[in-house]
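Asks: Model the following, please.
(chains A and B)
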Protein chains: 2
Amino acid sequence: MTIEKVQIVEKIFEANDQVAAQTQSLLSKNSVFSINIMASPGAGKTSVILKTIEKLSDKVRIAVIEGDTAPVTIDSDKVIAMGMPAVQINTGGQCHLDAVMIDRALKHLDLKNLDLIIVENVGNLICPASFKIGTHANVVISSIPEGDDKPYKYTNIYRGIDVLLINKIDLMPYIDFRMDYYQQGVEILNPGLTTFQVSCKTEEGFDNWISWLSTQVTEFKNRS
Amino acid sequence: MTIEKVQIVEKIFEANDQVAAQTQSLLSKNSVFSINIMASPGAGKTSVILKTIEKLSDKVRIAVIEGDTAPVTIDSDKVIAMGMPAVQINTGGQCHLDAVMIDRALKHLDLKNLDLIIVENVGNLICPASFKIGTHANVVISSIPEGDDKPYKYTNIYRGIDVLLINKIDLMPYIDFRMDYYQQGVEILNPGLTTFQVSCKTEEGFDNWISWLSTQVTEFKNRS
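Replies: You can find the predicted model right below:
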């Protein structure tokens, strides 16, 4: 029973990774850079995406894929209200996006007229870490009110990501958050990780993230 | 393939529920009331538990079972430092506790000398909703910085719970949180749900929760 279960899980991961590889290849062929944003519920994924659109959409053609466990369109409505294409995925209770869901979502987007696809994964610090979805970069958004012990408790999500945003730094005065302790925890799991401290509310530090992302999009286009 | 997968999932749930029923029966026989605390990472589960111990341990004999996905003892160390028995469960990356884990953890506790067991589930608003663990009451801790749209996005976790704590209300002045909107969302999923607005930091509203919990423990003991 245990062996059977393990074999099925392995097959699921293998099938997922194959689709993810095809997706990445399709996006690369169309010179579309893509990022997968992962975070706890309420860390500020949607706020970061909306602020990123605000800052970047004059020079970068952006689309957003929104993942939610319930059939809601709260987040995709906000993206569409800013004039950007958005595809909503309802995972039907599943705790993460997978490569097949993204493959299907991409059929609703005009890749030839895009530079950047931002995927907002389901709010969850555990399960999304195990499923590649075919994006070029993985991003975690952490937030000050979540507390400084998260890298010690949710280790897998910090491994293998390319960028970390520490959001809601405007709340630092009101919360006991030891930035050194937090960053030491991250450093053990992902040495030298590119990290930006930001606030969507005050915009503090946000331009550094925009500059990084903008550079990635440009360099990716030049390479393809 | 799909049918096989569904059948295996059903068997897992069925086996889990059987163990959960045995656990609940064992705890009831020993007159030990038990609660399962579920929340996002960083909503304040451990802080609520520590403050509950501080307020209640002079008249209620408490033990804590801590669930984490990684092999850390950060939370159980804090409980032990307060002089309470604690059992740490490392789920090995799994995104929720299950009934078998609790069954094993209980073997490390002296049930005859306890009135209340508090289980801190893994920080996750999705997966823990699907797995009974044998406790008498299910509790969700929400927090103000997580945002007011959570009941609309993470619907399952709010269904079938017995109590809701809205934590970190001391941060209300610094965050755009529409309490009415949040509570309307909860009301649709779980009408009339017992709800306490609390702050572990300022202790505002905390005595209402303590009073509720204390009453549950006493009434449970009187019924057994």
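
Asks: quick one, strands of chain A?
Replies: Ranges of strands in chain A, per DSSP state E, are A:33-39, A:62-68, A:86-90, A:116-120, A:137-143, A:163-167, A:194-197.

Asks: for residue A:72, what are its contacts?
Replies: A:90, B:152-153 (CB atoms under 8 Å, 6 or more residues apart in numbering or on different chains). (Each C-beta comes from the backbone N, C-alpha and C, glycine too.)

Asks: Take these and lay them out in a markdown table including distance to residue A:137, pLDDT and neighbour count.
Replies: As requested, the contacts of residue A:72 are arranged in a markdown table below (distance: CB to CB, whole Å; pLDDT from 0 to 100; neighbours: other CB atoms under 10 Å in any protein chain shown):
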| residue | distance to residue A:137 | pLDDT | neighbour count |
| --- | --- | --- | --- |
| A:90 | 25 | 94 | 15 |
| B:152 | 29 | 96 | 19 |
| B:153 | 24 | 95 | 21 |
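
Asks: At the contact with chain B, which residues of chain A appear?
Replies: Neighbours of chain B within chain A, by CB under 8 Å from any CB of the partner chain: A:5, A:8, A:40-42, A:68-70, A:72, A:74, A:93, A:95, A:122-127, A:130, A:143, A:145-147, A:149-150, A:152-156, A:168, A:170-171, A:174-175.

Asks: Mind checking which of the residues you listed land in helices?
Replies: Secondary-structure check on these using DSSP state H: residues within helices are A:5, A:8, A:74, A:150, A:152-153, A:155-156.

Asks: Could I get these in a markdown table, plus columns for distance to residue A:212?
Replies: Shown next, in a markdown table, are those (distance: CB to CB, whole Å):
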| residue | distance to residue A:212 |
| --- | --- |
| A:5 | 41 |
| A:8 | 39 |
| A:74 | 28 |
| A:150 | 22 |
| A:152 | 26 |
| A:153 | 27 |
| A:155 | 24 |
| A:156 | 24 |
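
Asks: which of the residues of chain A next to chain B are buried?
Replies: A:40-42, A:68-70, A:72, A:95, A:122-127, A:130, A:143, A:145-147, A:149-150, A:152-156, A:168, A:170-171, A:174-175 (16 or more other CB atoms under 10 Å in any protein chain shown).

Asks: Select the helix or strand of chain A having the lowest average pLDDT value.
Replies: Ranking every helix and strand in chain A by mean pLDDT, DSSP states H and E puts helix A:2-29 at the bottom, with a mean of 84.

Asks: For the residue most central in space within chain A, give me the pLDDT.
Replies: Nearest to the mean C-alpha position of chain A, by CA atoms, centre = their mean, lies residue A:37 at 0.8 Å. On pLDDT, residue A:37 comes in at 98.

Asks: Ok, residue A:118 next?
Replies: At residue A:118, the model reports a pLDDT of 98.

Asks: Correct me if wrong: it contacts residue A:64.
Replies: Yes: between residue A:118 and residue A:64 a contact is recorded at 5.0 Å, counting by CB atoms under 8 Å.

Asks: Give me the common contacts of the two.
Replies: With CB under 8 Å, 6+ apart as the test, residue A:118 and residue A:64 both reach residue A:49.

Asks: what sits against the residue nearest to the centre of chain A?
Replies: Going by CB under 8 Å, 6+ apart, the list of residues near residue A:37 reads A:45, A:48-49, A:118-121, A:139-141.

Asks: try residue A:187
Replies: Residue A:187 makes contact with residue A:193 under the criterion CB under 8 Å, 6+ apart.

Asks: measure it to residue A:195 for me?
Replies: Residue A:187 sits 10 Å away from residue A:195, going by CB to CB, to the nearest Å.

Asks: what's around residue A:224, how many residues?
Replies: For residue A:224, the neighbour count with other CB atoms under 10 Å in any protein chain shown is 12.

Asks: Ok, residue A:19 next?
Replies: Residues near residue A:19, counting by other CB under 10 Å: 18.

Asks: So for the residue lying closest to it once chain neighbours are set aside, what's the pLDDT?
Replies: Counting by CB to CB, 6 or more residues apart in numbering or on different chains, the nearest residue to residue A:19 once its immediate chain neighbours are dropped is residue A:99, at 3.8 Å. Note on residue A:99: pLDDT of 97.

Asks: Could you count how many residues lie near residue A:99?
Replies: When neighbours are counted by other CB under 10 Å, residue A:99 registers 22.

Asks: which residues does residue A:141 contact?
Replies: Residue A:141 makes contact with A:37-39, A:43-45, A:48, A:164-165, A:167, according to CB under 8 Å, 6+ apart.

Asks: Disregarding residues adjacent in the polypeptide, which is nearest to it?
Replies: Distance criterion CB to CB, 6+ apart; nearest residue to residue A:141, sequence neighbours excluded, is residue A:39 at 4.0 Å.

Asks: Please apply the same query to residue A:71.
Replies: residue A:90 (4.6 Å).

Asks: what do you get for residue A:43?
Replies: In space, residue A:43 is closest to residue A:143, 4.2 Å off (CB to CB, 6+ apart).

Asks: So the one you found versus residue A:126, what's the distance?
Replies: 16 Å.

Asks: Equivalent analysis for residue A:55, please.
Replies: Going from residue A:55 to residue A:126 by CB to CB gives 30 Å.

Asks: again with residue A:134
Replies: Counting by CB to CB, the gap from residue A:134 to residue A:126 is 20 Å.
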